[in-house]
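Colleague: coords please:
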Amino acid sequence: MTSKHDKERELQAITKYVSLFGGSFQKLGHTDVGYKIFDRDGNVIGYVEVINVLRRIHNPYPLPADVSRLVKLMAKRLKPVLVWSCDDGIMYASLEKISGTIKIKDEELTAYYEKQKPIRYVRFA
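Modeller: Down below sits the predicted model:
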C-alpha cells in the first residue's frame, strides 16, 4: 500500500523531472506505468516510472527497480525513463542506456543499478 508521504514524494519527483525540459505529465492507472510525459506542445514524448528511495543522492547506490514495472515501461516503446526520488533530489536515466543486476528480494525480482554515466541527478531546490 502506498502511503500519503510516498505519493507526495513521487509527485515532487515527477514535477522536478518535467521541469528540466518544461514538459508536463499525466498519472496513469495503478496497473500501468507511473506517468505519461508530454513536451511543451502537448505531444507524448515518453513514459516514466518513479521509485521512492529513502537515501540521499550523495550515496544512493544501488538504485532498485521492480522488474515487473520495468517490463511494462519497456513495452511502451517510447523513451522509458526511471526516476528515483531520493530524500534531497532525484536520480534519473533512460532505461535503454543503463544496465543492472537482477536479484530476488522478498520473493520479487528486483533490478539494482550501480553508479554509471547515464544516471543523472538534480537536487530539490
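
Colleague: quick one: neighbours of the nearest residue to residue 40 once chain neighbours are set aside, just the number.
Modeller: Among residues not flanking residue 40 along the chain, residue 22 sits closest, at 4.9 Å (CB to CB, 6 or more residues apart in numbering). For every residue, glycine as well, the C-beta is placed using N, CA and C. Here the number of neighbours of residue 22 (other CB atoms under 10 Å) works out to 8.

Colleague: distance-wise, check residue 22 relative to residue 7.
Modeller: Separation of residue 22 from residue 7 (CB to CB, to the nearest Å): 24 Å.

Colleague: other residues contacting stretch 111-125?
Modeller: Identification of contacts with stretch 111-125 by CB atoms under 8 Å, 6 or more residues apart in numbering yields 12, 16-17, 20, 57, 61-67, 70, 82, 88-94, 97-103.

Colleague: among these, which lie within strands?
Modeller: Mapping these onto strands (DSSP state E) picks out 63-66, 82, 89-94, 101-103.

Colleague: mind giving me the PyMOL select for these, buried ones only?
Modeller: Per 16 or more other CB atoms under 10 Å, the buried members of these correspond to this PyMOL selection:
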select buried, resi 63+64+65+82+89+90+91+92+93
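
Colleague: and the ones in strands among the contacts of stretch 111-125 as a markdown table, adding pLDDT and distance to residue 3?
Modeller: A markdown table is the format used below for the ones in strands among the contacts of stretch 111-125 (pLDDT from 0 to 100; distance: CB to CB, whole Å):
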| residue | pLDDT | distance to residue 3 |
| --- | --- | --- |
| 63 | 98 | 20 |
| 64 | 97 | 18 |
| 65 | 97 | 19 |
| 66 | 96 | 17 |
| 82 | 98 | 21 |
| 89 | 97 | 20 |
| 90 | 98 | 19 |
| 91 | 98 | 21 |
| 92 | 98 | 22 |
| 93 | 98 | 25 |
| 94 | 97 | 28 |
| 101 | 98 | 28 |
| 102 | 97 | 27 |
| 103 | 97 | 25 |
